[in-house]
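Visitor: All I have is the shape, not the residue letters:
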Ligand SMILES: Nc1ncnc2c1ncn2[C@@H]1O[C@H](COP(=O)(O)OP(=O)(O)OP(=O)(O)O)[C@@H](O)[C@H]1O
Ligand SMILES: [Mg+2]
């Protein structure tokens, strides 16, 4: 094992020099997790808002299910997507296993319940205040969903940031469906796991520092947004 | 406003909304009758003041007439048919606490016009004209939620009036307002009335009721206590809760 100080020094040198491997891995991570969050937003935001506004039998059960799936373990999400995409699976013919697309799907499966559940909570609170006003203006259910999504936009961005934070930091799902293939499906978390197990701390530390910076930045941004949401609520 | 082009070209106007009629309306919660077999109709141009002490059921009655909450007993009709979304723009509602969308004052009005089916190309000019009618044009681009309470209440009324409604249901539209803001609201209400609208106005302000109302309805403990022409009501309110209310005595 190398000495830690030297490893840190080397890690910062890699970052400062925009080391090719490091940059490639960081960019792939961002691409995969941003795509996953985009997919999750496309499905989860309207779904959460619709459940918030609609009244149907089984509504409480679907809310409970959404909340439960927020805690889906990444390896289980990975396993489920693996079974779908494997040669023998129902989507096996697309040959997506061990591609970045498979990782996007797995992370989207992980993040969609989070986005849907948090959006449902946000929109439902808002709906309580807006419901009669919107109906008085002649807005129906579908219109209310669209209006409330827009009215809640600031809060919903923090919801998406929370989803992104979860996606970029998880390792279990991407390693199962991506396989951590060099230059193809190697992302920050899987690379850190591999490099550390090999004892190659330079790249692991460099990636760890970048990942930490990204996660801290996301949380800071979410905090700022929450602050301005609170401000605008008082306005 | 039947002669108002706003309503005519909104595209949704199949029939009108008047009269807005509640027949034998009852509403109970937790075994308590909050509104008890109240029948009330507003159908002709004019201002009907709905008076009554706190908790009398005025807001509940107004929300039932607006088609926003379903009565437990009785029925509400607009022009003989159940209230429906397609005619919502013919019945303007202003709540006790106005709900402003998180966008500019202008866009709040535009939103109402869009909901009423007004073509996009006309919305901006109409919304500006509506704002100007309430003296709000200098505030058009201000976020609605940062407007003062009085400005928001005026905006809520302007927004409700922008679609050319036949009826206005106003719940304490001038509560907490300074005299100038209250006057601005009253001016708008009279303008709607002169345009042919039927106005139902919940108020605690007896001098305001005297100024504006042609007819006075008095609610007490969920029941209708009086329904009289305004001059008759103010000359001599019927004995009982209505008179006590007007004379400012404690109504038990
Ligand atoms: N959802 C509800 N559940 C139980 N009670 C209710 C509900 N909504 C209203 N009430 C009760 O019904 C009564 C009438 O309420 P309403 O808001 O219509 O009064 P109001 O005449 O508008 O009074 P105010 O002048 O204070 O606005 C009140 O006693 C209130 O507590
Ligand atoms: Mg009230």
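Guide: Nice, I can see it. Just so we're clear, the structure is a prediction, and the values are computed from it rather than from any experiment. Ligands and ions are numbered 1, 2, ... in the order given.
Visitor: can you tell me which helix in chain B is longest?
Guide: What stands out as the longest helix in chain B, according to DSSP state H, is helix B:179-194.
Visitor: what about that helix, near chain A?
Guide: No. Under the criterion of C-beta under 8 Å from any C-beta of the partner chain, helix B:179-194 makes no contact with chain A; the nearest approach is 15.9 Å. For glycine as for every other residue, the C-beta is placed from the backbone atoms N, C-alpha and C.
Visitor: for that helix, packing partners?
Guide: Applying 3 or more C-beta pairs under 8 Å, 6 or more residues apart in numbering or on different chains; DSSP states H and E, one finds that helix B:179-194 makes contact with strand B:46-51, helix B:149-161, strand B:167-171, strand B:198-202, helix B:206-212.
Visitor: Mean pLDDT, distance to residue A:116 and mean neighbour count added to the ones you listed, as TSV?
Guide: As requested, those are exported to TSV (pLDDT from 0 to 100; distance: least, C-beta to C-beta, whole Å; neighbours: other C-beta atoms under 10 Å in any protein chain shown):
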stretch	mean pLDDT	distance to residue A:116	mean neighbour count
strand B:46-51	95	43	24
helix B:149-161	94	32	24
strand B:167-171	96	36	25
strand B:198-202	96	40	25
helix B:206-212	91	48	16
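Visitor: now these in CSV, with distance to chain A?
Guide: Shown next, in CSV, are the helices and strands packed on helix B:179-194 (distance: least, C-beta to the nearest C-beta, whole Å):
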stretch, distance to chain A
strand B:46-51, 17
helix B:149-161, 8
strand B:167-171, 9
strand B:198-202, 14
helix B:206-212, 22
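Visitor: Columns distance to ligand 1 on top of the ones you listed, output as TSV?
Guide: Putting these into TSV (distance: least, C-beta to the nearest ligand atom, whole Å) gives the following:
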stretch	distance to ligand 1
strand B:46-51	9
helix B:149-161	15
strand B:167-171	7
strand B:198-202	7
helix B:206-212	13
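Visitor: How much space separates the residue of chain A found nearest chain B from residue A:202?
Guide: Proximity of chain A to chain B (C-beta to the nearest C-beta) peaks at residue A:138, 3.1 Å away. According to C-beta to C-beta, to the nearest Å, residue A:138 and residue A:202 sit 63 Å apart.
Visitor: For my notes, confirm residue B:21 occurs in a strand.
Guide: Yes. Remark: residue B:21 belongs to a strand, assigned using DSSP: H, G, I helix; E, B strand; the rest coil.
Visitor: so the residue positioned nearest the centre of chain B bridges to which residues?
Guide: Closest to where the C-alpha atoms of chain B average out (C-alpha atoms, centre = their mean) is residue B:169, at 1.6 Å. With DSSP bridges as the criterion, residue B:169 is bridged to residue B:93, residue B:200.
Visitor: so where does residue B:41 fall, helix or strand?
Guide: Per DSSP states H and E, residue B:41 falls inside strand B:32-42.
Visitor: likewise residue A:8?
Guide: Element membership for residue A:8, per DSSP H and E: helix A:4-16.
Visitor: can you pull the buried residues of the strand or helix carrying residue A:30?
Guide: Residue A:30 is part of helix A:20-53 when elements are defined by DSSP H and E. For helix A:20-53, the neighbour count (16 or more other C-beta atoms under 10 Å in any protein chain shown) marks A:22, A:25-26, A:28-29, A:32-33, A:35-37, A:39-41, A:44-53 as buried.
Visitor: now stretch B:88-98
Guide: B:88-95, B:98.
Visitor: Going by distance to ligand 1, which of the residues you listed wins?
Guide: Nearest to ligand 1 among those: residue B:95, at 10.8 Å, using C-beta to the nearest ligand atom.
Visitor: Next up, the contacts around the residue nearest to the closest one when sequence neighbours are not counted.
Guide: Nearest residue to residue B:95, sequence neighbours excluded (C-beta to C-beta, 6 or more residues apart in numbering or on different chains): residue B:171, at 5.5 Å. Residues near residue B:171 by C-beta atoms under 8 Å, 6 or more residues apart in numbering or on different chains: B:58-59, B:62, B:93-96, B:202.
Visitor: Equivalent analysis for residue B:76, please.
Guide: Shown in contact with residue B:76 (C-beta under 8 Å, 6+ apart): B:20-23, B:25, B:64-65, B:67, B:82-83.
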